[in-house]
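Participant: Here is a sequence together with a model predicted from it:
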Amino acid sequence: MTVIFGLAAVIAFLGAIGVVLSQRTIYSAMSLVLNMVALAVLFLLLDAQFLAAVQIIVYAGAVMVLFVFIIALLSPGAEERVRPLELRLLLGGLGAVIFTLLVGRLTLNGITIGPHGRMHGELGPFAPTLVNAHGQVQTLGEQLFTTYLLPFEVTSLMLLVAAVGAVYLSRRRRVAA
Amino acid sequence: MSAAATSVLLAVVVAVVKGVLIIFVLMTAFAYLTLAERKVSARIQLRYGPNRVGPFGFLQPLADGVKLFTKEVTAPEGRDRFLYLLAPALAACAAMLAFSVIPINQTICIGGTHGAGPLSASCPGGYPLHWDLAHLNIGLLFILAITSLGVYSIFLGGWASNSKYPLLGALRSSAQLISYEMAVSFALLGPVLLAGSLNLETVVNQQHSLWFVFLQPMGFLLYFTGALAETNRLPFDLPEAEAELVAGYHTEYTGMHFGLFFMAEYINMVTVCSIATVMFLGGWMAPFFFLPTWLGPIWFVGKVVLLLLLMMWVRWTFPRLRYDRLMQFGWKVLLPLGLANLMLTSVFVALH
C-alpha cells in the first residue's frame, strides 16, 4: 500500500509540475490527465472506489478530452507572459502554502497525534469501514438525495444555465454573421 | 512467513497468473478475429478468403504477425516523437485493462463454505477464486473509465502524426466517441438499476431466472448500436473512412505500431461483446435450463463469439453513415431513447 501511495503521489506531483512547466500546450494538457489518473489511484487507496471512477470518467475522460480537442483545433502558439516571472512565482507559492495549511487543518480536525506519530480520533459517519458496510454508491446516493438535495439540485440548475447560455451565445453569433 | 505476508503473496501470484492468462487469451482472440473477419467478409462477398497458409488458412494470423514485425517502420518527419510512440501503446494498454473486471464464471470457493445459495459470491473461511482479475464493487464504472481513456490514444495518434488526414480522423473520432459514450452509459444503466449493483458478478447473478435482455430489449439494442460506434466499426467507422481519410488516425503508422492500433480495435470488440454478455445475456448462465451449469466459461465464450459474428455481419452488410447524420443519430435518437428507457426502468423498479 505504502509503495503504491508513494508511486502515485510522485506521479501526481510530476504531472502537476508538468502542467505548469511544459512549453507546449498539448503536453500541459496530457500532464493534467496524468495528474488526474494518479489522483484516482490515491482515491482508490483511500477505499473511495466510486470517487476514483468518477474522477477518471468525468475529468480525464470528458473534460480533458474537450480541452485537448480545442487545443488541436486552435493550435495555440507560445503563451504570452503578462506579469514578471518572479511575481507569479511568489504569488503562486504563497497561495499553495496557504491552501496546504487550510486543507491540513481541516483534515486533522478532531484528530490528535499521540506518541510514535500515531493518530487518534473519532471516526466520522463517513469512515471507510462504515461506508463499505452500507455500500459506497448507496451511501453517496442516499446522502446526495436526502441531506444534500438542495445543493445538488442548485448545482445541476447552474450547469443547465451554463449550457443554455453557451447555446444562446453560439447561435446569436451565427445569426448576426 | 506471517499469515498476512502469505496472503499478500498469494494475492500477487494469483493476480499475475490471471493477468498473463488474460493477455494471452486476448492476443490469441485478436489473431483469430482478424482471420474470422476476413473469412466472414469473404463468405458474404462470395469469395474464399485466406486459404493458403495452413489448413483453411488457420496459420494466416501467424504470417500476418511476422509481416507486421519485419516490415520497415516509416514515420513522418514532423511528428511529435514522444506522443507518436505513446499513442499506440496507450491504445493496447487501455484495451487490455478494460477486460480485467469482466467475470467469466461465478466465484468458486476453495475450502470453507460457500455463502448462502448457489449464486452467492461470499466465501467465509475459504479462498474465493474470482474469475476476474479485479473484483471491484464498481466494475462497470471501471470499464467506462478505462474506455473513456482510450479516446486519448486515437486522438494523440492523429495529432502527433502532424498530417492532415490523421488529424481529421482524430477530431472526428473524439467527437464521435464522446457522443456515443453517453448513449452507451445510459443503455447500461438499465441492467444496473434492475440488479441494484455495479459489481458485474452481482449483475450476472441477478439474471439467474431471466436474462436482462428480455426485460431490457431496448437497452440491449441501444447498447449494441452504441458499441458499434465506440469500437469504430461500420456503419460508424467515420474515424478511418478510407474513401475520404485514407485510413484516418493511423494513416501515418506502419509495422507493429499500426499493429497495436489494430489489436486495440479487435480487443475492444471482445470487451464490448463481453460487457453485453454480462449485462444483458446472463454471463456464464447456461442458455437452456437442461444444459449443465458447470460449463460456465464455455457458455460465456459462446455468447461472446455469437455477438462478435453479429458485429462482423453488420460490418459487411451496411454502408457507412454520413458524418452529420452520425452525430444527429447519436444525440437526437440514441440519447433520448436511452433516457426514456432509463426513466421507464426506474419507474418499474420503484413500483416493484
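Facilitator: Cool, got the structure. Numbers count the residues shown, from 1 in each chain, chains lettered A, B, ... in the order given.
Participant: contacts and neighbour counts: CA atoms only from here.
Facilitator: Noted.
Participant: Which residue, neighbours along the chain excluded, lies closest to the most centrally placed residue in chain B?
Facilitator: Centroid-nearest residue in chain B: B:T271, 1.9 Å away (criterion: Cα atoms, centre = their mean). Nearest non-adjacent residue to B:T271, counting by Cα to Cα, 6 or more residues apart in numbering or on different chains: B:F99, 5.9 Å away.
Participant: show me what contacts that neighbour?
Facilitator: Counting by Cα atoms under 8 Å, 6 or more residues apart in numbering or on different chains, B:F99 touches B:22, B:143, B:271.
Participant: And B:G54, by the same measure?
Facilitator: B:Q60.
Participant: B:A94 now?
Facilitator: Per Cα under 8 Å, 6+ apart, neighbours of B:A94: B:146-147, B:149-150, B:264.
Participant: Neighbour-wise, give me the winner out of these.
Facilitator: B:A264 (27 neighbours; other Cα atoms under 10 Å in any protein chain shown).
Participant: Just checking the longest helix along chain B against chain A, any contact.
Facilitator: For chain B, the helix with the greatest residue count under DSSP state H is helix B:3-44. No: with Cα under 8 Å from any Cα of the partner chain as the criterion, chain A is not reached by helix B:3-44; the gap is at least 10.8 Å.
Participant: follow-up on the earlier one: my guess is the residue nearest to the centre of chain B contacts B:A98, does it?
Facilitator: Yes: using Cα atoms under 8 Å, B:T271 is in contact with B:A98, at 7.1 Å.
Participant: and the lengthiest helix in chain A, is it in reach of chain B?
Facilitator: Assignment by DSSP H gives helix A:149-176 as the longest helix of chain A. No: Helix A:149-176 lies apart from chain B when judged by Cα under 8 Å from any Cα; the minimum separation is 15.0 Å.
Participant: Show me what that helix is packed up against.
Facilitator: helix A:136-145 (3 or more Cα pairs under 8 Å, 6 or more residues apart in numbering or on different chains; DSSP states H and E).
Participant: what angle do the helix it packs on and helix A:149-176 make?
Facilitator: Helix A:136-145 and helix A:149-176 are oriented at 80 degrees to each other (axes from the mean of the first three to the mean of the last three Cα atoms, to 10 degrees).
Participant: Just list what helix A:136-145 packs against, helices and strands only.
Facilitator: Judged by 3+ Cα pairs under 8 Å, 6+ apart, helix A:136-145 is in contact with helix A:49-54, helix A:149-176.
Participant: So which elements touch the host helix or strand of B:T225?
Facilitator: When elements are defined using DSSP states H and E, B:T225 is found to belong to helix B:217-230. Contacts defined by 3+ Cα pairs under 8 Å, 6+ apart place helix B:217-230 against helix B:164-195, helix B:255-280, helix B:335-351.
Participant: Let me know which of the ones you listed is the nearest to B:L33.
Facilitator: Closest approach to B:L33 among those (Cα to Cα): helix B:255-280, 7.1 Å.
Participant: what's downstream of the closest one, the next helix or strand?
Facilitator: helix B:296-315.
Participant: What parts of chain A come near chain B?
Facilitator: A:49-50, A:53-54, A:56-57, A:60-62, A:65, A:69, A:72.
Participant: change it to 6 Å
Facilitator: With Cα under 6 Å from any Cα of the partner chain as the criterion, chain A comes near chain B at residues A:53, A:56-57, A:61.
Participant: any chance of those residues in JSON lines, plus pLDDT and neighbour count?
Facilitator: Conversion of the residues of chain A next to chain B to JSON lines gives the following (pLDDT from 0 to 100; neighbours: other Cα atoms under 10 Å in any protein chain shown):
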{"residue": "A:A53", "pLDDT": "87", "neighbour count": "25"}
{"residue": "A:I56", "pLDDT": "88", "neighbour count": "27"}
{"residue": "A:I57", "pLDDT": "87", "neighbour count": "22"}
{"residue": "A:G61", "pLDDT": "81", "neighbour count": "24"}
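Participant: Run through the stretch 251-352 of chain B and note the low-pLDDT ranges.
Facilitator: Counting by pLDDT under 70, the stretch 251-352 of chain B shows no low-confidence range.
Participant: Tell me if I'm right that B:P128 and B:V14 touch.
Facilitator: No: applying Cα atoms under 6 Å, one finds B:P128 not in contact with B:V14, separated by 11.4 Å.
Participant: In terms of neighbours, single out the busier of the two.
Facilitator: B:P128 (18 against 14).
Participant: Please identify which helix or strand holds that one.
Facilitator: Using DSSP H and E, B:P128 sits within strand B:127-129.
Participant: So for residue 99, what pLDDT did the model give?
Facilitator: You didn't pick a chain, so chain A it is. We have a pLDDT of 91 for A:F99.
Participant: actually it's chain B I care about, not the one you picked
Facilitator: So, for B:F99, pLDDT stands at 86.
Participant: what about B:N51, distance to B:D64?
Facilitator: Distance of B:N51 to B:D64, computed by Cα to Cα, to the nearest Å: 13 Å.
Participant: ditto for A:V54
Facilitator: Separation of A:V54 from B:D64 (Cα to Cα): 39 Å.
Participant: would you list every one of the strands in chain A?
Facilitator: Here chain A has its strands, by DSSP state E, at A:111-113, A:119-121.
Participant: that older thread, and which of the contacts of B:F99 is nearest A:Q143?
Facilitator: Taking these together and measuring to A:Q143 by Cα to Cα, the closest member is B:I143, at 25.0 Å.
Participant: Would you agree the closest one is in contact with B:L97?
Facilitator: No: counting by Cα under 6 Å, B:I143 does not reach B:L97; the two are 8.4 Å apart.
Participant: Of these two, give the one with the bigger neighbour count.
Facilitator: Neighbours around B:I143 and B:L97, counted as other Cα under 10 Å, are more numerous at B:I143. The numbers are 24 against 18.
Participant: Mind pulling up the pLDDT for that one?
Facilitator: At B:I143, pLDDT is 88.
Participant: How about the secondary structure of it?
Facilitator: Secondary structure assignment for B:I143 (DSSP: H, G, I helix; E, B strand; the rest coil): helix.
Participant: Enumerate every residue touching it.
Facilitator: B:I143 makes contact with B:A98 under the criterion Cα atoms under 6 Å, 6 or more residues apart in numbering or on different chains.
Participant: mind checking pLDDT for B:L171?
Facilitator: Reading off the model, B:L171 has pLDDT 82.
Participant: what about it, distance to chain A?
Facilitator: Using Cα to the nearest Cα, to the nearest Å, B:L171 is found at 7 Å from chain A.
Participant: and that residue, how many neighbours does it have?
Facilitator: 24.
Participant: Next, report how far the longest helix of chain A is displaced from the centre of its chain.
Facilitator: Chain-centre distance of helix A:149-176: 22 Å, with Cα atoms, centre = their mean, to the nearest Å.
Participant: now stretch A:17-34
Facilitator: How far stretch A:17-34 lies from its chain's middle: 15 Å, per Cα atoms, centre = their mean.
Participant: Neighbours of B:M269, how many?
Facilitator: 25.
Participant: mean confidence score for stretch B:184-204?
Facilitator: Mean pLDDT, computed over stretch B:184-204, is 86.
Participant: Tell me the buried residues in that stretch?
Facilitator: Neighbour-count burial for stretch B:184-204, counted by 16 or more other Cα atoms under 10 Å in any protein chain shown, picks out B:184-195, B:197-204.
Participant: Tell me the predicted confidence for A:L149.
Facilitator: pLDDT recorded at A:L149 is 91.
Participant: Report the spatially nearest residue to it, omitting neighbours in sequence.
Facilitator: Using Cα to Cα, 6+ apart, the closest residue to A:L149 is A:Q143 (7.8 Å).
Participant: What distance do you get for the one you found to chain B?
Facilitator: Relative to chain B, A:Q143 is positioned 17 Å away (Cα to the nearest Cα).
Participant: now that residue: how far from A:V137?
Facilitator: 10 Å.
Participant: again, but for B:V14
Facilitator: 28 Å.
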